[in-house]
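>>> Mind looking at a prediction? Sequence and model below.
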Amino acid sequence: MRPEAAAFEARFAALLGLPMAGAFVPARGGAAAAIAVHRNNALMAARTALEDNYPVVRSMIGGDGFAALALRHIRRQPPSDPRLCLYGRGLATTIARVRPLADWPWLADMARVEWLVVRALFAADARPLPKPPCPAQRWPLAPATGWLASSHPVATLWAAHQPGADWPAAFPDDGELALVTRSDAGVQVTALPSDALPLLEALRAGNTLIGAASALPPAALALLPTLAARGALLPVHGETE
């Protein structure tokens, strides 16, 4: 970017009051009203992006509560990418800093799960392997795969807030390992046994199957077919959905 263009963008961001530009620069004269319109449009666009990316969090705290949370987040971490569909990565941190939200201790983890959903939605397509990997080879994770080990039942909570879902009679008392994957049917969030966590971490670290087998307990290795069935691993050619 040419220096004069970068300088213009920095000043315009400052006129809009965006924190990444440094101190707020007040508009003068007839430009004040026009800048106010741009400032409001920028705020509304960022807020709408957060609402789209965090529908469960919004449902949990209500529209007014989420509007206040969104404004706080926008001021703390304004968009830095023109692709607003990818905005909001740090919302969980913003939630953790809002003292009144401490009454909902699972809320920050729900935000983390919803960010994994956003990430999965826009991840690259998985390229099938030509054949099943042998024990001396790696079985890579699919690009959309993510997970969160939470002390709260976030996978069940997420599922209960999906359109048309039945509200469960009771929620699990313990935490859940939430696996986020993407298939032709869309993005799914699945509760997995905690034994799957070391297996997922070993696969992410690039361990071969035989290397994982030598380091992990049998209960973890037994979940490899489950990960494959859920779409967490690169599919094998001819076995895709």
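That came in fine, so what should we check first? All values reported here derive from a predicted model rather than from experimental measurement.
>>> CA atoms for contacts and neighbours, from now on please.
Fine.
>>> Mind telling me what element residue 73 is part of?
Here residue 73 is covered by helix 55-76, with elements defined by DSSP states H and E.
>>> and that helix, what other elements does it pack with?
Contacts defined by 3 or more CA pairs under 8 Å, 6 or more residues apart in numbering; DSSP states H and E place helix 55-76 against helix 31-53, helix 91-96, helix 107-121.
>>> Quick one: distance of it to the chain centre.
Averaging C-alpha positions (CA atoms, centre = their mean, to the nearest Å) puts helix 55-76 16 Å from its chain's average.
>>> sorry, back to before: so of the helices and strands packed on helix 55-76, which one's packed in deepest?
Ranked by mean neighbour count, the helices and strands packed on helix 55-76 are led by helix 107-121 with a mean of 23 (mean count of other CA atoms under 10 Å).
>>> low pLDDT regions in the chain?
Confidence mapping of the chain against pLDDT under 70 gives the ranges 1-40, 238-241.
>>> same thing but at 90, please
The model of the chain has pLDDT under 90 over residues 1-45, 75, 78-82, 100, 102-103, 184-185, 237-241.
>>> Which residue is the nearest non-sequential neighbour of residue 204?
Closest residue in space to residue 204, ignoring its immediate chain neighbours: residue 141 at 6.7 Å, by CA to CA, 6 or more residues apart in numbering.
>>> check contacts around the one you found.
Counting by CA atoms under 8 Å, 6 or more residues apart in numbering, residue 141 touches 203, 204, 232, 233, 234.
>>> Okay, it and residue 113: tell me how far apart.
Residue 141 sits 18 Å away from residue 113, going by CA to CA, to the nearest Å.
>>> next one: residue 97
Per CA to CA, residue 97 is found 18 Å from residue 113.
>>> Next: residue 56.
Taken as CA to CA, the span from residue 56 to residue 113 is 10 Å.
>>> what do you get for residue 182?
For residue 182 relative to residue 113 (CA to CA), the value is 14 Å.
>>> so what's the residue positioned nearest the centre of the chain closest to, chain neighbours aside?
By CA atoms, centre = their mean, the chain has its centre lying nearest to residue 115, at 1.2 Å. Computed as CA to CA, 6+ apart, the closest residue to residue 115 that is not its neighbour in sequence is residue 89, at 6.2 Å.
>>> Could you verify that that neighbour is part of a strand?
No: using DSSP: H, G, I helix; E, B strand; the rest coil, the assignment for residue 89 is coil, not a strand.
>>> Kindly tell me how buried it is, as a neighbour count.
As a burial measure, residue 89 scores 18 neighbours (other CA atoms under 10 Å).
>>> Please apply the same query to residue 82.
Neighbourhood size, residue 82 [other CA under 10 Å]: 8.
>>> what kind of secondary structure is it in?
With three-state DSSP as the criterion, residue 82 reads coil.
>>> what comes into contact with stretch 150-163?
56, 59, 106, 109-110, 113, 165-168, 171-179, 189-191.
>>> sorry, that was for stretch 102-122
Residues contacting stretch 102-122 (CA under 8 Å, 6+ apart): 53-54, 56-57, 86, 88-89, 91-93, 95-96, 101, 143-148, 150, 152, 154, 158, 178, 180-182, 186-189.
>>> same thing with stretch 192-212?
Residues outside stretch 192-212 that contact it (CA under 8 Å, 6+ apart): 134-141, 149, 176-179, 216, 219-221, 223-224.
>>> Just the buried residues of it, please?
Applying a neighbour-count criterion of 16 or more other CA atoms under 10 Å, the buried positions in stretch 192-212 are 192, 195-200, 202-204, 207-209, 211-212.
>>> Now, these that are in helices?
Mapping the buried residues of stretch 192-212 onto helices (DSSP state H) picks out 196, 197, 198, 199, 200, 202, 203, 204, 209, 211, 212.
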